[in-house]
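**Student:** Fold the stuff below for me.
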Amino acid sequence: MTAKESKAEAKKIIGLFPELLGVGGIQEAGRLTAAALQGISLRHNGCSSYFQGLNDPLDKQEFEAAARKVCLRGFGHSKVRFVLSAIRQSGQGAKIVLAAHPNLALPVAAMKWVSPGLKTIVMSHGVEVWKPLPLLRRRALSGADLVLAPSRDTALKLAEIQGVPSAKIRTLAWPLNPDFLRMAATPNLSLPSGFPEGRVTLTVGRWASSERYKGADNLIRAMVQLRTKFPAVYLVAVGDGDDLPRLKKIATDVGVSESVRFLTGLSRQEIAACYARCEIFALPSTGEGFGLVFLEAMAFGKPLVGAACGGTTDVVEDNVNGLLIPPGDSERLAKVLTVLLEDQSLRTRLGQRGGEILRRRYSFEVFQSKLELMLQECGLDSHA
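**Tutor:** Residues are numbered from 1 along each chain as shown. Below is the predicted model:
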């Protein structure tokens, strides 16, 4: 057998991603998925992996996730080049393609049209499938061999709103980056400048005008009531976004600007230090498909506060590792935060239970193992 023939027979797992080098939950989930796919391919004889990022800088790039160096090819927002490359790769020994966003279902369908034996998997995340997708994209999504959802709620919406056959849907919760577990075990992490002394409720997110469902405005308004009982209480909001001017104005308008700190541009280590120092983590979002930041807080043994809707209820179990409130209920939010600030034993119990749940359900190893089973459903085996 010639080297050329051997290369043609080699089997390959292809990963298509909207972006792998950016900041955000989808990007973080993508990096961990790519690392898992690479690890799985190494475990299977004659199998390799190849990754593309639509919005990543042009040509060869590299990142580290889960203690693995992962290579990818970026396409600098060029959809045409991205799709043509994906189609070309599908004809070069590809066995399975995983697209890490429903918006990439159409390129996957094109790849399968060129290579009918190709098995296809599309990942969803949350809010992007809560309203009907355009018809062609919806058909392409339903045409995939498997469609993955990070939570039961998102899985339900895939079936009810997008029309994906239930038999094709699999629930696969996102994992926590192992780096956070290592940092959680590191003493004396350095706090960022501007972090207040006092009792801190922390929230972390991307504060974008298109994602006001995160609930930071409700947390700010809750501070009005909290300050009357706890003068030294603070809300720290970590993250960037174009909605920050509006949030800062709300804090000023309701008279709590001195008790609300907005911290931007932080490193992962500085964010970890914020988790370590806070007493409560709260994200009363009404639009979460999952919520990786809850896992990050659980790594540091913090009690959680979330809204009882969407994918949040998969991660935050009421009175187990946190407390749930009705969606959009600012008054109830203030009461729940008051209860937690008053009861150290409750905070400790919820935080400890969260840490136990995290290590059992949401480790990278558990994620990789479950993903491998789904790839095996699509024909991956030890003789790939």
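**Student:** Show me the helices in the stretch 151-300 of the chain, by range?
**Tutor:** 152-160, 178-184, 216-229, 244-253, 268-277, 292-299 (DSSP state H, counting those that start in this stretch).
**Student:** Out of those helices, which one sits most buried?
**Tutor:** helix 292-299 (a mean of 27; mean count of other CB atoms under 10 Å). C-beta coordinates here come from the backbone N, C-alpha and C atoms, glycine included.
**Student:** Quick one: residues in contact with that one.
**Tutor:** Helix 292-299 is contacted by residues 25, 28-29, 174-176, 180-181, 183-184, 202, 204-205, 271-272, 275, 281, 283, 304, 306, 312, 315-316, 321-322, 351, 354-355, 357-358, 362 when judged by CB atoms under 8 Å, 6 or more residues apart in numbering.
**Student:** report the angle between the axes of that helix and helix 268-277?
**Tutor:** Relative orientation of helix 292-299 versus helix 268-277 (axes from the mean of the first three to the mean of the last three CA atoms, to 10 degrees): 60 degrees.
**Student:** Neighbouring strands - and their directions - for whatever helix or strand comes next after helix 292-299?
**Tutor:** Counting by DSSP states H and E, the next helix or strand C-terminal to helix 292-299 is strand 304-307. The partner list of strand 304-307 in its sheet, established with DSSP bridges, is strand 280-283 (parallel), strand 322-325 (parallel).
**Student:** can you give me the mean pLDDT across strand 304-307?
**Tutor:** When pLDDT is averaged along strand 304-307, the result is 98.
**Student:** what do you get for stretch 249-264?
**Tutor:** Rounded mean pLDDT across stretch 249-264 is 96.
**Student:** can you give me the end-to-end distance of that stretch?
**Tutor:** 17 Å (CA to CA, to the nearest Å).
**Student:** Give me the contacts around that stretch.
**Tutor:** 192, 194-196, 217, 220-221, 223-224, 227, 233-240, 244, 247-248, 270, 274.
**Student:** Pipe the strands paired with strand 304-307 into CSV and attach mean neighbour count and mean pLDDT per row.
**Tutor:** Compiled in CSV, those are given as follows (neighbours: other CB atoms under 10 Å; pLDDT from 0 to 100):
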stretch, mean neighbour count, mean pLDDT
strand 280-283, 26, 98
strand 322-325, 24, 98
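**Student:** In JSON lines, list those strands along with distance to residue 88.
**Tutor:** Formatted as JSON lines, those follow (distance: least, CB to CB, whole Å):
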{"stretch": "strand 280-283", "distance to residue 88": "41"}
{"stretch": "strand 322-325", "distance to residue 88": "47"}
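**Student:** Would you mind telling me which of these is nearest residue 165?
**Tutor:** In terms of CB to CB, the element of the strands paired with strand 304-307 nearest to residue 165 is strand 322-325, at 31.0 Å.
**Student:** Find the nearest non-adjacent residue to residue 24, please.
**Tutor:** residue 206 (5.8 Å; CB to CB, 6 or more residues apart in numbering).
**Student:** Run a quick neighbour tally on the one you found.
**Tutor:** Residue 206 has 15 neighbouring residues, counting by other CB atoms under 10 Å.
**Student:** State the distance from it to residue 299.
**Tutor:** Look at residue 206 and residue 299: by CB to CB, to the nearest Å, they are 20 Å apart.
**Student:** on that earlier part again, now the helices of the stretch 151-300 of the chain as JSON lines including distance to residue 57?
**Tutor:** Converted to JSON lines, the helices of the stretch 151-300 of the chain look like this (distance: least, CB to CB, whole Å):
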{"stretch": "helix 152-160", "distance to residue 57": "30"}
{"stretch": "helix 178-184", "distance to residue 57": "22"}
{"stretch": "helix 216-229", "distance to residue 57": "30"}
{"stretch": "helix 244-253", "distance to residue 57": "26"}
{"stretch": "helix 268-277", "distance to residue 57": "20"}
{"stretch": "helix 292-299", "distance to residue 57": "24"}
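**Student:** Out of the ones you listed, which gets the lowest mean score?
**Tutor:** helix 178-184 (a mean of 92).
**Student:** Quick one: distance of that helix to the chain centre.
**Tutor:** Centroid separation for helix 178-184 versus its chain: 16 Å, with CA atoms, centre = their mean, to the nearest Å.
**Student:** Name the residues that touch it?
**Tutor:** Residues contacting helix 178-184 (CB under 8 Å, 6+ apart): 66-67, 189, 268-269, 272, 275-276, 295-296, 299-301, 359, 363-364.
**Student:** Now with 10 Å, please.
**Tutor:** 32, 35, 64-67, 176-177, 189, 268-269, 271-273, 275-276, 292, 295-301, 355, 358-359, 363-365 (CB atoms under 10 Å, 6 or more residues apart in numbering).
**Student:** Tell me the secondary structure of the nearest residue to residue 161 once chain neighbours are set aside, please.
**Tutor:** Distances taken as CB to CB, 6+ apart put residue 132 closest to residue 161, at 5.9 Å, once the chain neighbours are dropped. Judged by DSSP: H, G, I helix; E, B strand; the rest coil, the three-state class of residue 132 is coil.
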